[in-house]
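Undergrad: Could you work out the structure for the sequence below:
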Amino acid sequence: MIRINGEIINEESIELMEYLNNNGYCISRIAVECNEKIVPKSEYESFVLHSGDVVEIVSFVGGG
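TA: The predicted model follows:
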């Protein structure tokens, strides 16, 4: 199980980019942290989430 933004995902492993695309995230407007370490955008396509990982996805919102 993988915990993403406090929600448990019943997967043993999943590619980060696959998860982001399947859940409608706009890559240019997010930051991803896995196990308290920032995942560089350049690694999104090759980064694999594994059971036990804790992931936070933060969306940037503009405003003024």
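
Undergrad: For the rest of this, base every contact and every neighbour count on C-alpha atoms.
TA: OK.

Undergrad: what's the burial count for residue 54?
TA: Number of residues near residue 54 (other Cα atoms under 10 Å) recorded here: 19.

Undergrad: I'd guessed it sits against residue 34; true?
TA: Yes. At 5.7 Å, residue 54 and residue 34 qualify as touching, with contact defined as Cα atoms under 8 Å.

Undergrad: Show me the shaky parts of this protein.
TA: Low-confidence segments of the chain, defined by pLDDT under 70, are located at 63-64.

Undergrad: quick one: contacts of the host helix or strand of residue 20?
TA: For residue 20, the element it lies in under DSSP states H and E is helix 16-22. Contact with helix 16-22 is made by 26-27, 44-49, as judged by Cα atoms under 8 Å, 6 or more residues apart in numbering.

Undergrad: Likewise for stretch 55-64?
TA: Counting by Cα under 8 Å, 6+ apart, the neighbours of stretch 55-64 from elsewhere in the structure are 2-6, 29-36.

Undergrad: Most widely separated two among these?
TA: Set against one another by Cα to Cα, those have their most distant pair in 2 and 29, with a gap of 22.3 Å.

Undergrad: neighbour-wise, which of these two wins?
TA: Under the neighbour definition other Cα under 10 Å, residue 2 and residue 29 were set side by side, and residue 2 has more, 20 against 11.

Undergrad: quick one: that one and residue 48 touch, right?
TA: No. With contacts defined as Cα under 8 Å, residue 2 does not count as touching residue 48, sitting 11.1 Å away.

Undergrad: Overlap in contacts, those two.
TA: residue 13.

Undergrad: what pairs with residue 14 across the strands?
TA: Beta bridges link residue 14 to residue 49, judged by DSSP bridges.
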